[in-house]
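>>> This is the structure alone, sequence omitted:
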């Protein structure tokens, strides 16, 4: 027992202090030159620092998420179409952030998709995937037409593609018959001696390798009580035609038709002059 008491006394610190202040609890041991200090608040401070670091990391992550969301929102295509009884108002926001509002006479989802795709050089699938399409059973109001100024107030017409349709027109004049045949984007104009609808149907079918029934279904046959004019040989430009690929060939056809018409007029004028000269020379004899 004496030995044990001696050993305990040997390791006992020469001084021990305990102090509590606020939320901190400090204990200090001293034994010779050795000193040990413990603070109850040290661990809490470390935890607080760790928590602060975690919070900062979360904030940084949230900021990254917010920035990525902003980037995504700026890169999205948005298309909204409201069909009213007097017009359709379309709002488009492109991926670059540019916004456009315009009006059109398109009143179905398919027509709006075609108009927007053509106007902004987009695919129909891109437009259809994001289109917000609504039909309103009323006319537009002033606030809805407020952004329709300048060029945006000019209606965008629906493009009707008639490039695959067959059209046959025959005009019987007192001097000749003018026939116009449109196949796809090519129109042919020629003169004919035929003066009946049946004869023209047979002629067009043979000339263009078509079925007579197809020609008969579409032929526009008219008789005119006058001689032909230069304008009768020209081809009217179809403003609803969407295909502009063969415009040059169509223009060439128009020029050829006009040239042929002028040649025909000159020939008639020459024939008239010859008849007059013959009549005058005959009367003089």
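Thanks, I have it. Keep in mind it's a predicted model, so treat the numbers as computed, not measured.
>>> separation between residue 202 and residue 192?
Using Cβ to Cβ, to the nearest Å, residue 202 is found at 11 Å from residue 192. To be clear about C-beta, it is placed using only N, CA and C from the backbone, and glycine gets the same treatment.
>>> How about residue 109?
From residue 109 to residue 192 the distance is 45 Å (Cβ to Cβ).
>>> Please apply the same query to residue 265.
Taking Cβ to Cβ, one finds residue 265 at 18 Å from residue 192.
>>> Now do the helices in the chain.
With DSSP state H, the ranges of helices along the chain come out as 2-11, 40-74, 109-120, 124-130, 197-208, 212-218, 247-284.
>>> Residue 135 bridge partners, please.
residue 83 (DSSP bridges).
>>> quick thing: my sequence starts at 179, can you match it?
Shifting the count to begin at 179 puts that one at residue 313.
>>> What about residue 279, how many residues nearby?
Residues near residue 279, counting by other Cβ atoms under 10 Å, number 18.
>>> Got the confidence number for it?
pLDDT, residue 279: 91.
>>> where's the closest residue to it other than its chain neighbours relative to residue 270, distance?
Of all residues not flanking residue 279 in the chain, residue 325 sits nearest, at 4.2 Å (Cβ to Cβ, 6 or more residues apart in numbering). Relative to residue 270, residue 325 is positioned 12 Å away (Cβ to Cβ).
>>> how about low-confidence regions in the stretch 179-328 of the chain?
When residues are selected by pLDDT under 70, those of the stretch 179-328 of the chain lie in 179-253, 327-328.
>>> meant to ask about the stretch 329-463 of the chain, not that
Applying pLDDT under 70 to the stretch 329-463 of the chain flags the ranges 329-342, 414-435, 461-463.
>>> again, only using 80
The model of the stretch 329-463 of the chain has pLDDT under 80 over residues 329-342, 362-363, 413-440, 442, 459-463.
>>> can you tell me how far residue 280 sits from residue 383?
Residue 280 sits 45 Å away from residue 383, going by Cβ to Cβ.
>>> Between those two, point out the one with more neighbours.
Set residue 280 next to residue 383 and count neighbours by other Cβ under 10 Å: residue 280 wins out with 20 against 17.
>>> pretty sure the more buried one contacts residue 298?
No - contact criterion Cβ atoms under 8 Å: residue 280 and residue 298 do not qualify, at 10.4 Å.
>>> Now do the shared contacts for the two.
Common neighbours of residue 280 and residue 298, counting by Cβ atoms under 8 Å, 6 or more residues apart in numbering, are residue 270.
>>> Pull the number of nearby residues for residue 411.
Neighbours around residue 411, by other Cβ under 10 Å: 23.
>>> Residue 354 against residue 406, yeah?
Yes - between residue 354 and residue 406 there is a contact under Cβ under 8 Å: 5.5 Å.
>>> hey, what's in contact with both of the two?
Counting by Cβ under 8 Å, 6+ apart, the common neighbours of residue 354 and residue 406 are residue 442.
>>> quick one, which of those two is more surrounded?
More crowded of residue 354 and residue 406, by other Cβ under 10 Å: residue 406, with 21 against 18.
>>> For that one, give me its contacts.
With Cβ under 8 Å, 6+ apart, residue 406 has these contacts: 349, 351, 353, 354, 356, 439, 442.
>>> Give me the buried subset of these.
349, 351, 354, 356, 439, 442 (16 or more other Cβ atoms under 10 Å).
>>> Redo the residues you listed as JSON lines? Include distance to residue 454.
Below are the buried ones among the contacts of residue 406 laid out as JSON lines (distance: Cβ to Cβ, whole Å):
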{"residue": "349", "distance to residue 454": "29"}
{"residue": "351", "distance to residue 454": "23"}
{"residue": "354", "distance to residue 454": "22"}
{"residue": "356", "distance to residue 454": "27"}
{"residue": "439", "distance to residue 454": "23"}
{"residue": "442", "distance to residue 454": "19"}
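>>> burial measure for the residue nearest to residue 386 when sequence neighbours are not counted, as a count.
What sits nearest to residue 386 in space, not counting adjacent residues and going by Cβ to Cβ, 6+ apart, is residue 359, at 6.0 Å. Residue neighbour count, defined by other Cβ under 10 Å, stands at 21 for residue 359.
>>> re the thing from before, from the buried ones among the contacts of residue 406, which is closest to residue 366?
Nearest to residue 366 among the buried ones among the contacts of residue 406, counting by Cβ to Cβ, is residue 356 at 11.4 Å.
>>> Tell me what that closest one is bridged to.
Note on residue 356: beta-bridge partners residue 349, residue 369, judged by DSSP bridges.
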